[in-house]
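**Q** next one to model:
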Amino acid sequence: MNPTSNLYDEVYFQRLVGYSRLTGRDYREYRVRGLRRLLRSYNRKSAAILDVACGDGFYVHSLASDFALVGGDVSIDGIRRSEKWRGLKLYQGDFCNLPFRDASWDSILALDVLEHLHSPQKALAEAYRVLKPGGYFILSVPNAGSFGNRLKGQEWFAYSDSTHVNLLDVPTWREILKTSGFCILRDGTDTPWDVPYPIIVPKVLQKPVSNLITILVRTTIVFLPWERGENYNAICMKRLDDGTTHRN
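**A** Residues are numbered from 1 along each chain as shown. The predicted model follows:
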C-alpha cells in the first residue's frame, strides 16, 4: 500500500467538503459546468478521459454521461466515498505509477493534485506516457506567486493543507510542463478570492464580492493573462508523432 494513501482519510475529505461550501454550495457544482464546456471543446463525446485524483468521485459522476470517464485516487477512503454513485469506473492507485498501457487516453484531468506530490515531474512523465499523441493534459494548481499569497503569507489558503508539499509560481510550473514534453496550448490564472485580505476594504464587504467572483470563476475555467490569481490553470498537449501540435 502506498503510505501517502493514509494522508487522505475520511477526516481529510470531510474537511474539504466543509471548505468547499463557503459560498453555501459545493463549489464543484459551479466548476463542473466550465469543465464540461472545456472538455467538449477539445474532445469528441466518446473520448476516453482519466481523472487521476478523483477524490470522492464528484467529477467522474458529474461528467460520466458526457464522456468515457474513469477516476483514480491514491486514497482508499476517497474511492469508498465514490462508491455512493453506482456504476462509476474507478481504481485505487498512484498518479506516479499509472496502471495503464502507453498512449491509451485522450485527455487527463489533474485538478488540485500536483501540489500534493514531492515529484510532480514523475507524475507528468506518467501522464505523458499514457496520453495518446495529440492528447490533452488539463491541470489546476495553487499559484504561489498569487496576490493572495503576497498579502496573507502563512494565512494563504494553500498553506492550510499540510499535504501541499509543492507550492510553486507560474513560471516554475510552465518550465516543469515544458521540460516534461508538453506543449502549453492555453494557460493563465484566475482571480483573487481567498478573502478576507488585509486591505482597506472592510471584511464584511469582501465576502459577498468574493462569493460572486468565486461563482464566476468556478463556472468557467479561467485563463486570465496575468500571474497573480490564486490558481494556475493550463491546457497542455502531447505532441503528435511528427512532433507537431496540429490536431484535426
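**Q** where does the nearest residue to residue 241 once chain neighbours are set aside land in three-state SS?
**A** Using CB to CB, 6 or more residues apart in numbering and skipping the chain neighbours, the partner closest in space to residue 241 is residue 133 (5.0 Å). To be clear about C-beta, it is placed using only N, CA and C from the backbone, and glycine gets the same treatment. Three-state call for residue 133 (DSSP: H, G, I helix; E, B strand; the rest coil): strand.
**Q** can you tell me the helix or strand for the residue of the chain most remote from its centre?
**A** Using CA atoms, centre = their mean, the residue of the chain lying farthest from its centre is residue 200. It sits 32.0 Å away. Element membership of residue 200 [criterion: DSSP states H and E] is none; it lies in no helix or strand.
**Q** try the one 4 residues further on
**A** With the criterion set as DSSP H and E, the secondary-structure element containing residue 204 is helix 203-219.
**Q** immediately after that helix, which helix or strand?
**A** For helix 203-219, the following helix or strand on the C-terminal side (DSSP H and E) is strand 231-238.
**Q** what mean pLDDT does that next one get?
**A** Strand 231-238 shows a mean pLDDT of 97.
**Q** contacts made by that strand with the rest, please.
**A** Contacts with strand 231-238, where a contact means CB atoms under 8 Å, 6 or more residues apart in numbering, come from 38, 42, 128, 131-143, 146, 170, 173-174, 177, 181-190, 221-223, 245, 247.
**Q** can you flag the buried ones in the residues you listed?
**A** Buried subset of the contacts of strand 231-238 (neighbour count, 16 or more other CB atoms under 10 Å): 38, 42, 128, 131-132, 134-143, 146, 170, 173-174, 177, 181-183, 187-190, 221-223.
**Q** tell me the contacts of residue 147?
**A** Counting by CB under 8 Å, 6+ apart, residue 147 has contacts 192, 228-230.
**Q** among these, who's most crowded?
**A** residue 229 (23 neighbours; other CB atoms under 10 Å).
**Q** hmm, it is touching residue 194, no?
**A** No - at 10.3 Å, residue 229 and residue 194 do not qualify as touching, with contact defined as CB atoms under 8 Å.
**Q** secondary structure element for residue 81?
**A** Counting by DSSP H and E, residue 81 is part of helix 76-82.
**Q** for that helix, packing partners?
**A** If you count contacts as 3 or more CB pairs under 8 Å, 6 or more residues apart in numbering; DSSP states H and E, helix 76-82 packs onto helix 10-20, strand 68-73, strand 90-92.
**Q** can I get it as PDB, trimmed to CA atoms?
**A** Extracted in PDB, the C-alpha atoms of helix 76-82 (Å, rounded to 0.1, in the frame of the first residue of the first chain):
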ATOM      1  CA  ILE A  76      -8.800   4.200  -0.300                       C
ATOM      2  CA  ASP A  77     -11.200   6.400   1.700                       C
ATOM      3  CA  GLY A  78     -11.700   8.500  -1.400                       C
ATOM      4  CA  ILE A  79     -12.600   5.500  -3.500                       C
ATOM      5  CA  ARG A  80     -15.000   4.300  -0.800                       C
ATOM      6  CA  ARG A  81     -16.700   7.700  -0.800                       C
ATOM      7  CA  SER A  82     -17.000   7.400  -4.600                       C
END
